[in-house]
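Visitor: just coords:
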């Protein structure tokens, strides 16, 4: 059990972390301006963009699997709902017919367009925001419906039932009969995407393509952290540690499980929307159970039950698979040139072996159940103890 | 009417037999370790790939036993390396390890095949075309259900009448007590994995003969469906898994052909696209079973102890 009493200097430390977050956002904003897509370091921006998508997905999964002890494998399904909702409601009307080339589009409404007609450029940003929130809400609504029957199940049955729901959702979204809404099994494109996000101040155009996803992820993760540290969060942990004892203490199991499940799915939906805007396409066939497994492995890598661990885990995962281990796929790695061995796919093999090593020998992951702030706290305490 | 449905029923029985062979591996492992072996479907895929590579250079009478041997070895090794060290760990860790193994096997297959579809070799005699009840099909479709039933009967005999079978029943009933009774549970668990992967290897030969080829993700869906079959029949029960697999196979095949059947019957005028739901149906069935009868058709009831 973690200690739950707040330290006296918690107000001060929350200010420090607030300033650190602001500094980080400012840095990302600055990098966005100086690193152009042609730059060699643009890989860093790609990692930041995709990393923030996965970080939010991993943190929201951790809320469920790590803090509440509900082993759910339906994340890809909720992300799919989020991605499609966002995509459908931000396609501009001029592009509708080209996107829905085989169908007669049923929804012809775009939030960014509707708001910008009223409020000008600021309306576009508001429209994107509204679409992202709607994506989350719809995912949460489906989670509520699914949760009613499924949350009564125990551990591995819950896992397989949620996995099944994700597969059902994927099939429904690919159904030809729903083509006018979901475009059938064809992909959705031309909607509001990060590569087009710009802020015009006078004559200068400020690039926001990395800043926006990082900002959404940061705000969402802060909200999740607040929830985890609230009385609800403590109830979640109590359920995780011992369901029967938690119920005896007066915690309403069904209600708290449902809250955890819907909130987690809300943010899964938001991360799905972010994934759509970063990748600039949305296609149901991408949201397979393999995606859920990858997110789960990120959570495990960072440490189940640690929010900062999930963030670190997902950025490491994305950076390693997209950037650092690239050489393993293209012939040369760390100066060793062996095109016979280092060919397409070797990166993922090495990567999955690393993951297996973590799963088998470092079961606690990078952070265990600690947070980054705990590391500083314990060090301070040690220093105090030494001084006395 | 009957003539339009019959082909779907026959191919459904055949697919059901193949699922049954995989489902037994799930249900036996779950019965003993309480673990959903997520890697089992990928072992099935690896068996398919081994066949592709071995049959390219060796004659069939060598490659078929070799494929079975290597697959069994793989199942045995996975248990040794990935599950045995976690025997005392929480169940979630073992399940994550199983997901990790599945991820590794898929990526390894992706690396070796280059992500390309590998054509499954023609096995003479069983992939020949035959005509049964006025419809043409490959011989494997007819053989599969019979072979499945023979193997299942042998397995049930093994479990009910041999020493190792008795040990398996004891371990699945109570892990710790059977250890105290002098049963070497590690050997029993290894035997379970060997039997499970053996049947999966046989199942893969029957399954892939009817399909154009093997890709790294070929194992995922049949694996999940076989697991659902095991849950449907009552996890831990071998006859339950087999019956569940046949029901799922037939239902899936009928849904794939539902458009055609309904058009012939005159109920609907044009394609509705029910085939999209042939995979999803399995999971709808699973959720209905879990909500209304969580122990499945033949499962025993368990109670929670504080």
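Guide: Structure's in. What do you need? Since the structure is predicted, the reported quantities are computational estimates derived from the model, not experimental observations.

Visitor: so residue B:48 touches residue B:204, yeah?
Guide: Yes: if you go by C-beta atoms under 8 Å, residue B:48 and residue B:204 touch, sitting 4.7 Å apart. Any C-beta I mention is one placed from the backbone N, CA and C, and that applies to glycine too.

Visitor: Looking at those two, which is more packed in?
Guide: Each of residue B:48 and residue B:204 has its neighbours counted (other C-beta atoms under 10 Å in any protein chain shown); residue B:204 has more, 30 against 27.

Visitor: my read: that one touches residue B:52, true?
Guide: No: Residue B:204 lies out of contact with residue B:52 (C-beta under 8 Å); the separation is 10.6 Å.

Visitor: so the closest residue to chain A within the stretch 151-300 of chain B is in which element?
Guide: Closest approach between the stretch 151-300 of chain B and chain A, counting by C-beta to the nearest C-beta: residue B:283, at 3.0 Å. Secondary structure from DSSP states H and E places residue B:283 in helix B:278-292.

Visitor: and if you look at residue B:130?
Guide: strand B:129-132.

Visitor: could you say what helices and strands whichever helix or strand comes after that strand packs with?
Guide: Following strand B:129-132 in sequence order, the next helix or strand is strand B:135-138 (DSSP H and E). Here strand B:135-138 touches helix B:2-33, strand B:129-132, going by 3 or more C-beta pairs under 8 Å, 6 or more residues apart in numbering or on different chains; DSSP states H and E.

Visitor: For the nearest residue to the residue of the stretch 151-300 of chain B closest to chain A once chain neighbours are set aside, give me its contacts.
Guide: In space, and not counting its chain neighbours, residue B:283 is closest to residue A:164: 3.0 Å by C-beta to C-beta, 6 or more residues apart in numbering or on different chains. Contact analysis of residue A:164 by C-beta atoms under 8 Å, 6 or more residues apart in numbering or on different chains lists B:224, B:228, B:282, B:283, B:284, B:286, B:287.

Visitor: The most far-flung residue of chain B relative to its centre in helix, strand or coil?
Guide: Distance from the C-alpha centroid of chain B, by C-alpha atoms, centre = their mean, peaks at residue B:269 (36.6 Å). State at residue B:269, reduced to three classes by DSSP: H, G, I helix; E, B strand; the rest coil: coil.

Visitor: how much space between it and residue B:262?
Guide: Counting by C-beta to C-beta, to the nearest Å, the gap from residue B:269 to residue B:262 is 9 Å.

Visitor: Equivalent analysis for residue B:144, please.
Guide: Distance from residue B:144 to residue B:262, by C-beta to C-beta: 27 Å.

Visitor: Neighbour count: those two, which is higher?
Guide: Neighbour totals were compared for residue B:144 and residue B:262, and residue B:144 leads with 27 against 17 (other C-beta under 10 Å).

Visitor: is it true that the more buried one touches residue B:17?
Guide: Yes: Residue B:144 is within contact range of residue B:17, at 4.0 Å (criterion: C-beta under 8 Å).

Visitor: Common neighbours of these two, please.
Guide: Joint contacts of residue B:144 and residue B:17 (C-beta under 8 Å, 6+ apart) are residue B:206.

Visitor: Now do the strands for chain A: every range, in order, please.
Guide: All strands of chain A, identified by DSSP state E, fall at A:198-201, A:204-207, A:332-333, A:336-337.

Visitor: circling back: what residues of the strand holding residue B:130 count as buried?
Guide: Within strand B:129-132, no residue qualifies as buried by neighbour count (16 or more other C-beta atoms under 10 Å in any protein chain shown).

Visitor: So for it, mean pLDDT?
Guide: Strand B:129-132 carries an average pLDDT of 76.

Visitor: Neighbouring strands - and their directions - for it?
Guide: Strand B:129-132 has its sheet partners listed here by DSSP bridges as strand B:135-138 (antiparallel).

Visitor: who touches the strand it pairs with?
Guide: For strand B:135-138, contacts defined as C-beta under 8 Å, 6+ apart pick out B:6, B:7, B:10, B:11, B:126, B:127, B:128, B:129, B:130, B:131, B:209, B:210.

Visitor: To which secondary structure element is the fifth one assigned?
Guide: In this structure, residue B:126 sits in neither a helix nor a strand according to DSSP H and E.

Visitor: how deep is it tucked in, by neighbour count?
Guide: Residue B:126 has 18 nearby residues by other C-beta under 10 Å.

Visitor: What residues does it make contact with?
Guide: Contacts of residue B:126 by C-beta under 8 Å, 6+ apart are B:138, B:139, B:140, B:143, B:206, B:209.
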